[in-house]
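>>> heads up, no residue letters with this:
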């Protein structure tokens, strides 16, 4: 049988940028777990979305290891296709879509651009835990093969933040130092006794695309050097980190963050969050999705 699919560039301000997400439309067909894993492996992308319009929960996410939770990139991809397939609810100038994950709902909003999906944004409520007891800056700098001054002179301080995944957030002074960082595996191994996560998010004020307030990069021991994976899934942790800063006053805050390097694909993510004393952080994460191709996958 032939399965229709589209290839989307998510969090992309231009074609051939952002993160590639294949979306397979099963349209009444049923595939088991092994088949979905095999198809996701065939695409060789970070994750693959499967749309099953007739089901109560009309979408799921897989990679070669199996089913995955929805993250920022796949939420935008599903929302884009929900609009195109008529699964989203028209609200006039925009459409809304509810996506179920575990026992909760994720609501997204898709701008209606004369019948085509425009900017997409989804909302979340964050209940983070924050641990400011992290290894000394000198040890972090050695583990990241960078100069101590590139971290210590930042107005921010490292912290471990957990919303979905515990993540060590390390501030740098400039984007070029984020790009130049790499893990010194021996020094990093020495820190693991003091840490309960191997996920790092490095960030700095500034931009590589010329239009964002921050530049960000995910790093962990399993990544090869000069690889820049998608950062959408760590945005809840980064938002919670910024909301926890003393200089972040109560109110609504907006910012954008880019990802990638001059020689690789770049992503741009737009964020709003509301900080209120004694209340959970409410946030909206959004960006653009560009349809890059359509095709058929022959599967039997």
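Arrived safely. These figures come from a predicted structure and were not determined experimentally. Residues are numbered from 1 along each chain as shown.
>>> so what does residue 189 look like in phi/psi?
phi -60, psi -30 (degrees, to the nearest 10).
>>> and it, what does it touch?
By C-beta atoms under 8 Å, 6 or more residues apart in numbering, no residues touch residue 189. C-beta: built from backbone N, CA, C; applies to glycine.
>>> go with 10 Å
Counting by C-beta atoms under 10 Å, 6 or more residues apart in numbering, residue 189 makes contact with 143, 183, 221.
>>> tell me which element the closest residue to the last one other than its chain neighbours falls in.
Closest residue to residue 221 apart from its sequence neighbours, by C-beta to C-beta, 6 or more residues apart in numbering: residue 198 at 5.6 Å. According to DSSP states H and E, residue 198 maps onto no helix or strand at all.
>>> hmm, residue 168 and residue 198 touching each other?
Yes: using C-beta atoms under 10 Å, residue 198 makes contact with residue 168 at a distance of 8.5 Å.
>>> the more surrounded of those two?
A count of neighbours by other C-beta atoms under 10 Å puts residue 168 above the other of residue 198 and residue 168, at 24 against 16.
>>> name every strand pairing with the helix or strand where the more buried one lies and say which way it goes.
Element membership for residue 168, per DSSP H and E: strand 167-171. Paired neighbours of strand 167-171 in the sheet (DSSP bridges): strand 159-162 (antiparallel), strand 200-205 (parallel).
>>> the last one: how far from the chain's middle?
Between the mean C-alpha point of strand 200-205 and the mean C-alpha point of its chain there is a distance of 14 Å (C-alpha atoms, centre = their mean, to the nearest Å).
>>> next SSE after it?
strand 214-219.
>>> so, low pLDDT: which residues of this structure?
Filtered on pLDDT under 70, the chain yields the residue ranges 103.
>>> need the helices for it, in chain order.
33-43, 72-84, 137-143, 149-152, 175-180, 185-191, 235-244 (DSSP state H).
>>> so which bits of the fifth one are buried?
Looking back up the chat, that one is helix 175-180. Going by neighbour count (16 or more other C-beta atoms under 10 Å), the buried part of helix 175-180 is 175-179.
>>> quick one: end-to-end length of stretch 58-75, please.
End-to-end span of stretch 58-75 (C-alpha to C-alpha, to the nearest Å): 12 Å.
>>> for stretch 176-188, same thing?
For stretch 176-188, the first-to-last residue distance is 21 Å (C-alpha to C-alpha).
>>> now swap in stretch 140-157 and tell me
Stretch 140-157 has an end-to-end distance of 12 Å (criterion: C-alpha to C-alpha).
>>> tell me how far it lies from the chain's centre.
Offset of stretch 140-157 from its chain centre (C-alpha atoms, centre = their mean): 24 Å.
>>> stretch 182-200 too?
Relative to its chain's centre, stretch 182-200 lies at 22 Å (C-alpha atoms, centre = their mean).
>>> how about that stretch: buried residues?
183, 187-188, 191, 195, 198-200.
>>> and the residue nearest to residue 146 when sequence neighbours are not counted, what are its phi and psi?
Excluding its sequence neighbours, the residue lying closest to residue 146 (C-beta to C-beta, 6+ apart) is residue 181, at 5.0 Å. The phi/psi pair for residue 181 (degrees, to the nearest 10) reads phi -70, psi 150.
>>> returning to what we had before: same list, the strands paired with strand 167-171, but as CSV with distance to residue 33 please.
As requested, those are exported to CSV (distance: least, C-beta to C-beta, whole Å):
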stretch, distance to residue 33
strand 159-162, 29
strand 200-205, 31
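>>> kindly check the end-to-end length of stretch 241-249 for me.
13 Å.
>>> list the buried ones in it?
Neighbour-count burial for stretch 241-249, counted by 16+ other C-beta under 10 Å, picks out 241-243.
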